[in-house]
Structure formats: C-alpha cells, structure tokens
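S.K.: Sequence first, predicted model second:
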Amino acid sequence: MTKSRFLKMERIAPVSNATMVPDIETVDFSRSSPLSMREQQKRARARGVHWDEGLGGWLVASFDNVRRVMSNPGRFASEGTPVAEAFGAQAMLVVDSPMHHKLRAAWADQMSAVGVENVAERIQDYIDQTFEPCFEALNRGEAVDLVSAFWRLTSRVISDLMNVPYESAGQFIELHYLLADNAVVPFEPTSPKFIERAEAKEAVFQFLRPLVQQRRAALARGEQLTDMISMMAATQGTNGITEQVVVDNLLNLYLGAFETTALWMGNITIRLYEDENLRELLRSDSSLIPAALEEMMRIDTVVQLNMRVVRVDTELDGVQLKAGDSIFVMQGAANQDPAAYEDPERFDINRTGKPHLGFGFGFHQCIGQFLARLEASLNYSPRWG
C-alpha cells in the first residue's frame with residue numbers, strides 16, 4: 001500500500017502475465033510528475049479498468065470497482081502481494097483464509113468503537129504531554145516539527161496498548177520506513193531492497209519473539225493480561241496459529257499503527273492552516289469535528305494505492321483479467337469519484353452519502369480505524385479555544 005500524497009514507483013520485477021498495451025500513461029505521484037495527483041486520478045477513472053505499463057498491472061480507480069475488488073478476496077487476493085512480503089505474510093492484513101477472522105477476533109473488542117473509549121483518558125494525557133511543548137515553542141515564535149510530534153504520539157499510544165517500552169519505538173520507526181518504502185511493488189529476492197526489508201523484519205521479530213514467550217508464560221501461570229501482545233499470544237496453538245503467525249500480526253500492528261494516523265493528522269493540520277473559515281467553524285461548534293475529520297480523510301486520502309492479485313480468470317467491468325495478474329486499486333481516486341460524490345473536489349463538512357474508502361473496505365478494512373479516529377478527534381477537539 002502507498003501511504004502519502006506522493007508516490008515514487010521503483011519497478012524491479014514483473015508481476016503480471018497480461019498482454020502489454022503500448023502507449024499507456026502510468027501513475028506517478030512523485031513530486032517530479034508533470035501532472036498533479038488529482039489530474040492523474042481523473043484520467044485513471046475516465047479510462048475505466050485498464051493496464052498500467054509502469055505498474056505492470058491493471059489499474060482500477062472508480063469508487064464502485066475499487067469496492068468490488070476490495071470486498072472480494074475470493075477473486076482478488078491480498079496474499080502473495082508485496083505488502084505481505086514487507087509486513088508479514090501471515091498478518092491479518094493480507095490473510096484471506098478463515099484464519100483472518102480468528103486473528104481479527106483477538107483484538108476485535110479492544111479495537112471496537114466502544115473498546116477504544118476505554119483508553120481515551122490515557123491518549124488525552126499523551127496528547128497533552130506531546131503537544132504542550134510544541135505550543136509553548138510556537139508561542140515563543142519558534143518553528144516546530146509537528147510531523148515528528150504526530151509520530152511520537154501514535155508510537156506512544158501503540159506502545160501503551162502493547163505494553164512495550166515507549167523508548168523502543170524510535171528505532172522501529174526507522175525500520176518501518178525501510179519496510180513501507182515502495183511496499184506496493186515487488187522486488188527480486190536478490191535485490192538490495194529485498195535484503196534490506198528482510199533484515200528490518202528480522203530485527204522487529206527479534207524484539208517481539210521474547211515478549212510473546214514471556215506473555216504466554218504469564219498467561220499459563222493464570223495472570224490476567226489484556227495488552228495486545230498477550231491477546232494475540234493467547235491464540236497461539238489454536239486454529240493453526242503458530243508463533244510466526246503471532247509475530248507477523250504483531251509486526252504489522254506495531255509498525256502499521258505509527259504511520260497512517262500520523263499522516264492523517266498532518267493532512268488535517270495543513271487543511272486547517274489553509275482554511276481560516278473552517279478553523280472558525282470548528283472553534284464555534286466542536287460537534288462538527290468528527291464529520292470534518294472524515295471529510296479530510298476522503299478528500300486527502302492517506303492510503304492512495306493498494307495491490308491485489310487476481311486468483312482466477314475473471315471479468316471486472318467488462319475487462320477480462322487472468323489468474324496471476326496484478327491489480328492496483330486507487331483508493332484516493334475512488335474517494336474523488338463524481339459518480340459517488342457530488343462535486344467531489346469540494347470540501348463539504350455536511351457531506352452525506354457513501355462512506356469514504358480511506359480505511360479500506362470489506363474483508364481487510366482497517367481494524368485500527370476507531371483508534372485512529374479517537375486519536376485524531378482528541379488531538380484536535382481541545383485545540384480550538
């Protein structure tokens with residue numbers, strides 16, 4: 001998956017057996033692209049399901065077709081994608097089998113809308129501790145790096161929920177960069193990038209495995225543990241869940257929880273800075289903040305691109321796809337589809353209708369979406385006075 005406003009594609013290995021179509025524009029969200037991201041999204045939607053030469057796969061950009069792909073793991077697999085290679089091949093993010101539901105169940109209550117409210121007070125404390133020094137510096141007329149502050153906040157929250165030392169988070173943020181960089185495209189096992197990723201994953205595994213073993217021993221002694229490592233560790237030995245499955249999911253959780261929310265809060269801050277009327281509206285009525293945050297996720301989608309693999313020969317919107325083909329869904333483009341949203345490029349805090357795809361859709365919809373919403377809403381709700 002690609003998480004940012006800018007995407008640089010580095011293609012090393014072929015991922016499709018489809019017939020190549022010549023003279024096809026390719027998606028390039030990098031800063032050097034001659035076209036804006038919005039313009040590329042429009043062109044991709046206008047062309048329907050089509051082959052992208054640079055990506056080496058089919059590109060899907062309309063709202064309805066993106067939802068069709070994301071909601072049907074029987075036809076479009078997450079397993080075997082570069083994301084699986086980068087973030088754990090047996091993590092629930094990419095497992096399409098019934099084991100997915102068993103793994104998700106371990107954290108379902110804790111990550112529900114009701115469950116995350118249980119940690120709201122602690123999150124608010126972390127927000128205050130993180131940003132009060134930032135506000136003090138701003139009041140002194142100093143420049144402040146808010147992006148790093150967002151990362152400190154999200155890493156502190158997940159460290160708390162996993163009951164691991166917050167001091168460990170810094171080194172793993174760097175490892176996250178190595179794993180997430182170009183995670184939407186495959187690399188040959190002999191390539192430096194592949195080797196670098198493998199070493200980064202192993203470093204996280206070496207950190208997590210002893211913790212899993214410690215929690216399992218404590219659970220065996222009858223200790224009542226409710227942190228997220230313990231809850232996943234408790235599933236080991238059931239339903240085919242091995243220690244590797246456990247640590248794959250913990251790697252995905254630990255590293256995945258850092259970035260998406262931090263980038264979302266960065267986008268929120270930019271929009272609030274640029275839109276004085278919106279700032280004043282939210283100051284006057286804080287009940288509008290949740291709707292505003294959702295609209296910001298729609299219009300400035302964090303996860304722009306995701307990949308699936310076609311399982312069996314199939315048809316999508318009149319286009320024939322072959323088993324083994326790669327297919328890329330443009331969530332950001334789908335969230336700007338005029339067929340789904342009236343005047344989609346307009347920021348509308350009162351927008352109704354179809355929910356955005358910023359947290360995914362269907363089988364692999366983000367399990368941490370309610371935690372992300374809570375972090376963002378708590379971070380901005382007290383700040384309008």
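M.R.: Right, received. Where do you want to start? Numbers count the residues shown, from 1 in each chain.
S.K.: And the residue nearest the centre of the chain?
M.R.: Nearest residue to the geometric centre of the chain (C-alpha atoms, centre = their mean): residue 260, 5.1 Å.
S.K.: Could you pull up phi and psi at the nearest residue to that one once chain neighbours are set aside?
M.R.: Nearest non-adjacent residue to residue 260, counting by C-beta to C-beta, 6 or more residues apart in numbering: residue 302, 5.4 Å away. For glycine as for every other residue, the C-beta is placed from the backbone atoms N, C-alpha and C. Reported as degrees, to the nearest 10, the phi and psi values for residue 302 are phi -70, psi -50.
S.K.: Likewise for residue 328?
M.R.: Here is the backbone geometry of residue 328 (degrees, to the nearest 10): phi -110, psi 130.
S.K.: can you give me the strands in the chain?
M.R.: Listed in chain order, the strands of the chain (DSSP state E) span 2-3, 50-52, 57-60, 76-77, 303-310, 314-316, 319-321, 326-329.
S.K.: For this structure, which helix extends over the most residues?
M.R.: Counting residues, the longest helix found in the chain (DSSP state H) is helix 243-274.
S.K.: What count of nearby residues applies to the nearest residue to residue 311 once chain neighbours are set aside?
M.R.: Of all residues not flanking residue 311 in the chain, residue 77 sits nearest, at 5.1 Å (C-beta to C-beta, 6+ apart). Neighbour count of residue 77, defined by other C-beta atoms under 10 Å: 20.
S.K.: Residue 179 too?
M.R.: Other residues close to residue 179 by other C-beta under 10 Å number 23.
S.K.: what's in contact with stretch 110-123?
M.R.: Contact with stretch 110-123 is made by 109, 157, 160-161, 226, 228, 231, 367-368, 370-371, 374-375, 378, as judged by C-beta atoms under 8 Å, 6 or more residues apart in numbering.
S.K.: Looking at those residues, which are in helices?
M.R.: Using DSSP H, these in helices are 157, 160, 161, 228, 231, 370, 371, 374, 375, 378.
S.K.: mind listing what the third one touches?
M.R.: Put plainly, it is residue 161. Residue 161 touches 110, 119, 227, 228, 371, counting by C-beta under 8 Å, 6+ apart.
S.K.: let's go with 10 Å and repeat that
M.R.: Residue 161 makes contact with 107, 110-111, 116, 119, 122-123, 226-229, 231, 253-254, 257, 368, 371, according to C-beta atoms under 10 Å, 6 or more residues apart in numbering.
S.K.: Quick check on the residues you listed: which are buried?
M.R.: When those are checked for burial by 16 or more other C-beta atoms under 10 Å, the buried set is 107, 110-111, 116, 119, 123, 227-229, 231, 253-254, 257, 368, 371.
S.K.: Among those residues, pick out the one closest to residue 167, please.
M.R.: residue 254 (14.0 Å; C-beta to C-beta).
S.K.: so that closest one makes contact with residue 228?
M.R.: Yes - using C-beta atoms under 10 Å, residue 254 is in contact with residue 228, at 9.0 Å.
S.K.: what do these two both touch?
M.R.: Common neighbours of residue 254 and residue 228 (C-beta under 10 Å, 6+ apart) are 158, 161, 162, 164.
S.K.: pLDDT for those - can I get that in TSV?
M.R.: Formatted as TSV, the shared contacts of residue 254 and residue 228 follow (pLDDT from 0 to 100):
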residue	pLDDT
158	93
161	95
162	94
164	92
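S.K.: Among these, which one sits closest to residue 329?
M.R.: Looking across the shared contacts of residue 254 and residue 228 and measuring by C-beta to C-beta, the closest to residue 329 is residue 158, at 26.1 Å.
S.K.: Would you mind listing where the chain has pLDDT under the threshold?
M.R.: For the chain, residues meeting the criterion pLDDT under 70 lie at 1-25, 29-32, 178, 181-186, 382-385.
S.K.: Just to confirm, which residue in it is farthest away from the center?
M.R.: Quick read of the chain (C-alpha atoms, centre = their mean): farthest out is residue 221, 36.0 Å.
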